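Asks: Here's a sequence, model it:
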Amino acid sequence: MKNDVNGVALGVFILFFLAVTVVGFMAARWRRAENALHLDEWGLGGRSFGTWVTWFLLGGDLYTAYTFVAVPAAIYGAGAAGFFAVPYTIITYPLVFLFLPRLWSVSHRHGYVTSSDFIRGRFGSKSLSVAVALTGILATMPYIALQLVGIQAVLDVMGVGGSDSTNWFVKDLPLMIAFAVLAAYTYSSGLRAPALIAFVKDALIYIVIVVAIIYIPYKLGGFGDIFSKASDAYSVKSPQTGLPRGSLVTGPKAQWAYATLAMGSAMALFLYPHSVTAVLSGKSRDTIRRNTTILPLYSLMLGLLAMLGFMAIADGVGKGIKGYNGQLAIPQLFENMFPSWFAGVAFAAIGIGALVPAAIMSIAAANLFTRNIYKDLIKPDATPEQETKVSKVASLVVKVGALVFVLTMDKTVAINFQLLGGIWILQTVPAIVGGLFTRWFHRWALLAGWAAGMAYGTWKAYEQSSPSQAHFGGNSDMIPWIGEKGYIGLTAFVINVALVLVLTLVLNAVKAPAGADETVASDYLAESEPSGSSGAEQPGEPGVSPGLPEPAGA
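Replies: Numbering: from 1, shown residues only. Predicted coordinates for the structure are as follows:
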């Protein structure tokens, strides 16, 4: 944290922040429907986004402040192990190509707003639906908090507020202002706000990455010097553990952990509520298929971005500072390397890269609460207007929870809590993905498998420690019967699936009630909703649409 303010960088940052704020509020008028008080409109943008809008929305949704802050920070802290995010984003697209179009089709046909809506309709189980909804909300909270950590890291480096201030209000005021603006335009415009802002966010990110990957190595003497300095830094042993800081290449003992973490993360990525929300906002099945083929362009950007972690080491960012927060490494690198005006552009890219996904995540979590807790358990006869109002308020509550998390907890643990969210989301795969292809799994077996996976994953994650944390200090543990360290979430998933298979055989054999399935086979291949409907579900009438006007496509 610096005591002086970088006025030029701050001015540029504020300029972009004000611009996207105006765009966020103007988005309420973009493709405005006759009935804006409908969850399809506020929470899914009218299900009207075409290929490019969806591409930018998904990119803004999945490649976040986590990308700019936490991934290079992981490289900065441990070396090659932090690159797990690159292969997992490559693995995930062939996987999601198989099931996302099916999820879009059945959701569009029946008016499902969330993945839990689909679970309830497919298995006739409110208990399983609520379990999946609670998992999604729980996993989303630390993810939103991580976005706010990204904004705070930028503000700290620019000298605004920051951890050295003795006045907590002054220290956190800039973050509170950013939070208030985010909350206001999300409440007003719904999903349309981040959809429009995503264009600005992605353009800034690509500009910054292209400039950084050319300009910074030139300033530091080339990639040879960068890798040499990084290798020397990784070889230094920690006085606490006696082990090297990291390595340029993943060692043999870490390969199982690396591979299982990449695989587990790939399986979970598109089951996060915000990913599902962005997918369901697409206007056609082809929109989703096209996006799964062009989204890997973001993985190329991610690989280049991860290299900034090595550059931060070569520049000496944080060197000699005891307990240095690695989350500040990349913003500080930009501050050191770029002219002040372009540093402001880079900081704006990080800040806006936090606002877009935070908005989508809060909307997605709010939709889960409204449709699968409030409507299913509290007020089954809620009207579309009531659903929308409740969802708007819930989105504010979710953001407040994330803000409290950021303001009260050590920032260095944010990434570990986000990875814990990945462990939880992975336990919804059997119900959601399995349910898209077969009705054979029994609803009670799926619920039992989910509970076992959640319990095991949380317990094992709690047991992990690090020099700075007594609990939740990592995401890998010994894999039973294999004797290698691997990703806890994938081990929990295997336990989950094994229990589902065994219990399904037993429950089907004793003819336990399987629940009603409101879907039919043709729903999963539908290109659009039935003639004369818009896919918006009326309360108490699954699959019946009220015939809202169809917004124009992108």
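
Asks: which residues of the stretch 301-450 of the chain fall in helices?
Replies: 308-314, 329-337, 340-369, 384-408, 414-426, 429-437, 443-463 (DSSP state H, counting those that start in this stretch).

Asks: so which of those comes closest to residue 257?
Replies: Closest to residue 257 of the helices of the stretch 301-450 of the chain is helix 414-426 (Cβ to Cβ; 12.1 Å). For the C-beta atoms, the positions are set from N, CA and C on the backbone; glycine is no exception.

Asks: mind exporting that closest one as PDB, just the C-alpha atoms?
Replies: C-alpha atoms of helix 414-426 as PDB (Å, rounded to 0.1, in the frame of the first residue of the first chain):
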ATOM      1  CA  ALA A 414     -10.300 -15.300  -0.900                       C
ATOM      2  CA  ILE A 415      -9.000 -17.700  -3.600                       C
ATOM      3  CA  ASN A 416      -9.200 -20.700  -1.300                       C
ATOM      4  CA  PHE A 417     -12.800 -20.000  -0.400                       C
ATOM      5  CA  GLN A 418     -13.600 -19.600  -4.100                       C
ATOM      6  CA  LEU A 419     -11.900 -23.000  -4.800                       C
ATOM      7  CA  LEU A 420     -14.100 -24.400  -1.900                       C
ATOM      8  CA  GLY A 421     -17.100 -23.200  -3.900                       C
ATOM      9  CA  GLY A 422     -15.800 -25.300  -6.800                       C
ATOM     10  CA  ILE A 423     -15.800 -28.400  -4.600                       C
ATOM     11  CA  TRP A 424     -19.400 -27.700  -3.700                       C
ATOM     12  CA  ILE A 425     -20.600 -27.000  -7.300                       C
ATOM     13  CA  LEU A 426     -19.000 -30.200  -8.500                       C
END
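
Asks: Just want the angle from it to helix 429-437.
Replies: Angle, helix 414-426 to helix 429-437, by axes from the mean of the first three to the mean of the last three Cα atoms, to 10 degrees: 40 degrees.

Asks: I'd like to know which elements helix 414-426 is packed against.
Replies: helix 126-158, helix 255-269, helix 443-463, helix 488-509 (3 or more Cβ pairs under 8 Å, 6 or more residues apart in numbering; DSSP states H and E).

Asks: on that earlier part again, ranked by average pLDDT, which of the helices of the stretch 301-450 of the chain falls at the bottom?
Replies: The weakest mean pLDDT among the helices of the stretch 301-450 of the chain belongs to helix 414-426, with a mean of 80.

Asks: now it against helix 443-463, angle please.
Replies: Using the same axes, to 10 degrees: helix 414-426 against helix 443-463 is 160 degrees.

Asks: count of residues packed around the closest residue to residue 331 other than its chain neighbours?
Replies: Nearest-residue entry for residue 331: residue 157, 4.0 Å, with adjacent residues in sequence omitted and distances by Cβ to Cβ, 6 or more residues apart in numbering. Counted with other Cβ atoms under 10 Å, the neighbours of residue 157 add up to 25.

Asks: Just list the residues touching residue 157, thanks.
Replies: 2, 6, 328, 331, 332, 334, 335, 347 (Cβ atoms under 8 Å, 6 or more residues apart in numbering).

Asks: ok, back up a step: looking at the helices and strands packed on helix 414-426, spot the one closest to residue 305.
Replies: helix 126-158 (12.9 Å).

Asks: in the closest one, what counts as buried?
Replies: 126, 128-137, 139-158 (16 or more other Cβ atoms under 10 Å).

Asks: Would you mind getting the angle between that helix and helix 340-369?
Replies: Going by the same axes, to 10 degrees, helix 126-158 makes 160 degrees with helix 340-369.

Asks: Give me the helices and strands touching the helix or strand where residue 116 lies, please.
Replies: According to DSSP states H and E, residue 116 maps onto helix 115-123. Secondary-structure packing of helix 115-123 (3+ Cβ pairs under 8 Å, 6+ apart): helix 85-110, helix 126-158, helix 429-437.

Asks: and residue 253, which of the ones you listed is closest to it?
Replies: helix 85-110 (18.4 Å).

Asks: same question for the closest one, mean pLDDT?
Replies: Across helix 85-110, the per-residue pLDDT values average to 91.

Asks: how distant is it from the center of its chain?
Replies: Remark: helix 85-110 is offset 15 Å from the chain centroid, using Cα atoms, centre = their mean, to the nearest Å.

Asks: now stretch 112-127
Replies: 22 Å.

Asks: With stretch 345-362 instead?
Replies: The answer for stretch 345-362 is 12 Å, by Cα atoms, centre = their mean.

Asks: What is the burial count for the nearest residue to residue 355 once chain neighbours are set aside?
Replies: Using Cβ to Cβ, 6+ apart and skipping the chain neighbours, the partner closest in space to residue 355 is residue 182 (5.4 Å). By other Cβ under 10 Å, 27 other residues sit near residue 182.

Asks: Next: the one 3 residues further on.
Replies: For residue 185, the neighbour count with other Cβ under 10 Å is 24.

Asks: How about residue 299?
Replies: Residue 299: 18 neighbours (other Cβ under 10 Å).

Asks: coming back round to it: need the helices and strands packed on helix 414-426 in TSV (columns: distance to residue 68).
Replies: Below are the helices and strands packed on helix 414-426 laid out as TSV (distance: least, Cβ to Cβ, whole Å):
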stretch	distance to residue 68
helix 126-158	6
helix 255-269	17
helix 443-463	25
helix 488-509	24
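
Asks: Now residue 57: which helix or strand?
Replies: helix 51-62.

Asks: Touching that helix from outside, list them.
Replies: Contacts for helix 51-62 (Cβ under 8 Å, 6+ apart): 49, 89, 191, 194-195, 197-199, 201-202, 269, 274-275, 277-279, 281-282, 286-288, 290-291, 294-295, 298, 353, 356-357, 360, 554.

Asks: ok, of those, which come out buried?
Replies: Members of those classed as buried by 16+ other Cβ under 10 Å are 49, 89, 191, 194-195, 197-199, 201-202, 269, 274-275, 277-279, 281-282, 287-288, 290-291, 295, 298, 353, 356-357, 360, 554.

Asks: now, which of those lie within helices?
Replies: Among the buried ones among the contacts of helix 51-62, the ones falling in helices (DSSP state H) are 89, 194-195, 197-199, 201-202, 269, 274-275, 277-279, 287-288, 290-291, 298, 353, 356-357, 360.
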